[in-house]
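A.B. asks: Could you look at this predicted model? Sequence included:
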Amino acid sequence: QVQVVDSGGGWVQPGGSLRLSCEASGSIYSIYSMGWFRQAPGKQRERELVGTITRGGVTNYAMAVKGRFTISRVNDQNTAYLQMDSLRPEDTAVYYCNVVLFSSPDKNYWGQGTQVTVSS
């Protein structure tokens, strides 16, 4: 069993910042990648990539957030962070942490989701 807990969402005005946290625990030998996806209001079946980071520190970001969001990771704590700066109303969504293990690369583990709302 693998548990993923994401947290840190909230309300912020446009141009503001938030930091999300993600911690994985349970039957984990080694994590390949950690990252975030988001689901905007009204798009119930569409969960889009925000960004990911591998164990080696290689990052991949969606074009919509590149230059504004930064992912970091603490490998020995199975923890990752998403620093979100210059937030825009279109960033409003539920953000889900995603974890992929070396032992099961075809399986995704998800957090419960944390709401981020950007509005004035």
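C.D. replies: Looks like it came in fine. Numbers count the residues shown, from 1 in each chain.

A.B. asks: Need the residue closest to the centroid of the protein.
C.D. replies: Of all residues in the chain, the one closest to the mean position by CA atoms, centre = their mean is Trp36, 2.3 Å from it.

A.B. asks: Where does Glu46 sit: helix, strand or coil?
C.D. replies: Secondary structure, DSSP: H, G, I helix; E, B strand; the rest coil: Glu46 is coil.

A.B. asks: Check whether it really touches Phe37, as I assumed.
C.D. replies: No - applying CB atoms under 8 Å as the test, Glu46 and Phe37 come out as separate, 9.9 Å apart. Heads up, the C-betas are built off the backbone N, CA and C, glycines and all.

A.B. asks: Between the two, which has more neighbouring residues?
C.D. replies: The neighbour comparison of Glu46 against Phe37 (other CB atoms under 10 Å) goes to Phe37, with 22 against 10.

A.B. asks: Distance check, that one against Gly10.
C.D. replies: For Phe37, the distance to Gly10 (CB to CB, to the nearest Å) stands at 18 Å.
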